[in-house]
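Asks: Requesting a structural model of the entry that follows:
(2 chains)
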Amino acid sequence: MMRVAIARFPGSNCDADTLRAVTRAGADGYYVWHRETSLQGADAVVLPGGFAYGDYLRAGAIARFSPVMAAVRELADAGGPVLGICNGFQVLCEAGLLPGALMRNAGLAFVSRPVRVRVETTDTPFTLAYEAGAIIRMPVAHGEGRYVAPPEVLEELDGERQVVLRYVGENPNGSMHDIAGITNAGRNVVGIMPHPERAAEAHLGETEGAKFFQSVIQNLASIRGGDR
Amino acid sequence: MPRFEIEVRVMPRAALLDPQGQAIEHALAALGFERVDGVRVGRALVLGVDRPTRAAAERDARSMCERLLANPVTEDFTVAVREAS
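Replies: Here you go, the predicted model:
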């Protein structure tokens, strides 16, 4: 069974939902506290949403110094799948594992509602189960989700198909190029503002988010299959 | 070793939208301050360090800004150093 760690920080609040989504997708999901120095043999790691360290200084700015982040970086450097959701995306940007930054929403208000996003690339471990160009609905819930990056970085993200999700119709936070999620050059680290774990079961109103977690399990299964 | 007080000012980069500044500008207009423009919101940090020289204190402060206190993608910073009396 694939082992998927959920890194918990003081202030994480989507950890239980994320664990549930990972488990329902068929993985052996478990929590790793931010003080831990090891991911305990994880095949993949998810940084869940919330307000790690109360978003002090900047969202994600302090969390990146947590001991567990060295282990996350090690997994990322080895090509292992790393997903940051909402606050987790902010942490990955602050840690330099993803380019750019997330700033206060253009509308100033905290936005908490379903949005529509297009899956711009299926060439990541977290989106391979989608059809390219699929438009799905997932909730966002953030005050600082406006993705910004220098022009040359945006050009590279677009040129190298590193934009993973883009808002369709309405952009809830004023992000550049309507970006809702990106991946790194190695395509194994993904950060997204919407919450797939809140759109992963029929009674939540949406189920399409589950494919983020199903994708990574498929990805890991195919890698293991290839090892034999 | 001499003690230095450092004041760091971190501001959102001028080219980037500052919605907080805009909201405050609107609130000031509501108070009757209608000729105000260009409001932007950053943050100030004060800290003390014991360093042999002012240059060393400033070097430390700049390094702190580059590595933690400011986000290099979105923010600019200034550092003011004065010897504590």
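Asks: contacts, neighbours, all on C-alpha from now
Replies: OK.
Asks: At which residues are the strands of chain A located?
Replies: All strands of chain A, identified by DSSP state E, fall at A:3-8, A:28-33, A:44-47, A:82-85, A:101-103, A:111-119, A:135-142, A:146-148, A:163-167, A:179-183, A:189-192.
Asks: Nearest to chain B, out of the ones you listed?
Replies: Set against chain B and scored by Cα to the nearest Cα, the strands of chain A come closest in strand A:101-103, at 6.4 Å.
Asks: So what are the sheet partners of the closest one and their directions?
Replies: Using DSSP bridges, strand A:101-103 pairs in its sheet with strand A:146-148 (antiparallel).
Asks: who in chain A is up against chain B?
Replies: A:57, A:61, A:94, A:100-101, A:103-108, A:148-150 (Cα under 8 Å from any Cα of the partner chain).
Asks: Repeat the analysis, applying 6 Å as the threshold.
Replies: Selection of chain A residues close to chain B by Cα under 6 Å from any Cα of the partner chain yields A:106, A:108.
Asks: Check chain A for its longest helix and report it.
Replies: Using DSSP state H, we find that the single longest helix of chain A is helix A:210-227.
Asks: Using CSV, write down the CA coordinates of that helix.
Replies: The C-alpha coordinates for helix A:210-227 follow below in CSV (Å, rounded to 0.1, in the frame of the first residue of the first chain):
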residue,chain,number,x,y,z
ALA,A,210,-10.9,12.9,-5.3
LYS,A,211,-8.9,12.4,-8.5
PHE,A,212,-6.0,14.4,-7.1
PHE,A,213,-5.5,11.7,-4.5
GLN,A,214,-6.4,8.8,-6.9
SER,A,215,-3.8,10.2,-9.4
VAL,A,216,-0.9,10.1,-6.9
ILE,A,217,-1.8,6.5,-6.0
GLN,A,218,-1.9,5.5,-9.7
ASN,A,219,1.4,7.4,-10.2
LEU,A,220,3.1,5.5,-7.4
ALA,A,221,1.6,2.2,-8.5
SER,A,222,3.0,2.7,-12.0
ILE,A,223,6.4,3.6,-10.7
ARG,A,224,6.5,0.5,-8.5
GLY,A,225,5.2,-1.6,-11.4
GLY,A,226,8.1,-0.3,-13.5
ASP,A,227,10.6,-1.3,-10.8
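Asks: can you list contacts of that helix?
Replies: A:22, A:25, A:125, A:126, A:127, A:128, A:129, A:200 (Cα atoms under 6 Å, 6 or more residues apart in numbering or on different chains).
Asks: Flag every buried residue along that helix.
Replies: Residues of helix A:210-227 classed as buried by neighbour count (16 or more other Cα atoms under 10 Å in any protein chain shown): A:210, A:211, A:212, A:213, A:214, A:215, A:216, A:217, A:218, A:219, A:220.
Asks: Tell me how far the second one lies from chain B.
Replies: With the distance defined as Cα to the nearest Cα, to the nearest Å, residue A:211 ends up 32 Å from chain B.
Asks: next one: the fifth one
Replies: If you measure residue A:214 against chain B using Cα to the nearest Cα, the figure is 33 Å.
Asks: now residue A:52
Replies: 16 Å.
Asks: cool, residue A:75 as well?
Replies: Per Cα to the nearest Cα, residue A:75 is found 23 Å from chain B.
Asks: Can you read off the pLDDT for that residue?
Replies: Per-residue pLDDT puts residue A:75 at 98.
Asks: next one: residue A:228
Replies: Residue A:228 is assigned 44 on the pLDDT scale.
Asks: wait, what's in contact with the closest residue to chain A within chain B?
Replies: Proximity of chain B to chain A (Cα to the nearest Cα) peaks at residue B:19, 5.6 Å away. Listed by Cα under 6 Å, 6+ apart, the contact set of residue B:19 reads A:106, A:108.
Asks: Many thanks, I have nothing further to ask.
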